[in-house]
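Participant: Show me the folded form of this:
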Amino acid sequence: MSEPTSSAESPTDRAVRALADAVGESRPRVPGDGSDPDIPVAATVIVLRDGASGPEVLMIERPDRGSFAGAWVFPGGKVEPADRLADDEPEEDVARRAGVRETLEEAGLEIDPEDLWTISVWDPPPGLALRIRTWFFAVRAGDGEVVLSPDEAVDAEWVDPGRLLERHGRGEVTLYPPTWVTLHALAGQLDVEALLGALRLAGFRRFETVARKGETGPMLLWQEDAEYGSGAGDQASARHRLELGALPWIYTRTD
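Facilitator: Residues are numbered from 1 along each chain as shown. I've put the predicted structure just below:
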């Protein structure tokens, strides 16, 4: 994997600055934010294979420009009009079709949409100038070879999720919070079969995000956290948050 750029502001620096800006721009959530039909929708696909020491996930590195500049991400992108077959089609179905298309366009991999397992949907903090609600799907890799679109990616790797998180903690790669938290959920399994089983057991999750300023910098909170909002959290000590003020990031979730 490539090292951070040598410019005055690295991709990682830009990512953290964007997250810090989100704290100031965000507003409290209101009912309907998580399903707002007026914000763009995207899909991303977690492609998994068995490696020598456990499950590996396909990651692609974005060019140092545009959305998620310089970051390592799962293949994916925005829903396009052709992905929708009917006006009343569920958003998840449209996103599933977009994920299949984007994975083929970006990585050259053909995927049967019926094989995709929906694991989560992420809604960014409300009030931001740019918000994209993103659906996350998981699938076992087929026999195809990865062929990158040069306009969409400059590199690709099959990587152990835990090791990629370690590299991020040392500042060697750029990740955004939904990718980071998802990689955290993927780490530590013996093989793809066990990993997919764990994802199915965990069930579908909605991440309706709020941004706050913590003691060490920006942090993101989700519904289960006691400080998420009025009436949120079953206990005063309940936590579901990601602290972003320094590397390595700190993820806390109490069940």
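Participant: What ranges does the chain have for its strands?
Facilitator: Assigned by DSSP state E, the strands in the chain fall at 41-51, 54-61, 72-73, 76-78, 117-123, 133-140, 155-159, 205-208, 210-213, 218-221, 240-243, 250-253.
Participant: give me the beta-bridge partners of the nearest residue to Phe204 once chain neighbours are set aside?
Facilitator: Sequence neighbours aside, Thr118 is the residue nearest to Phe204 in space, at 5.7 Å (criterion: Cβ to Cβ, 6 or more residues apart in numbering). Just so you know, the C-beta spots here come from the backbone N, C-alpha and C atoms, and that holds for glycine as well. With DSSP bridges applied, Thr118 shows beta-bridge pairing to Phe137.
Participant: wait, doesn't Thr118 sit right on Pro90?
Facilitator: No - at 10.8 Å, Thr118 does not count as touching Pro90 under the criterion of Cβ atoms under 8 Å.
Participant: So for those two, which sits in the more crowded spot?
Facilitator: Counted by other Cβ atoms under 10 Å, Thr118 and Pro90 do not tie: Thr118 has more neighbours, with 19 against 9.
Participant: what residues are up against that one?
Facilitator: 92, 96, 135-137, 204 (Cβ atoms under 8 Å, 6 or more residues apart in numbering).
Participant: cool, Val30 as well?
Facilitator: Residues in contact with Val30 (Cβ under 8 Å, 6+ apart) are Pro126.
Participant: Could you tell me how far it is located from Gly108?
Facilitator: Distance of Val30 to Gly108, computed by Cβ to Cβ, to the nearest Å: 42 Å.
Participant: What about Gly99, how many residues nearby?
Facilitator: Look at Gly99: counted by other Cβ under 10 Å, it has 30 neighbours.
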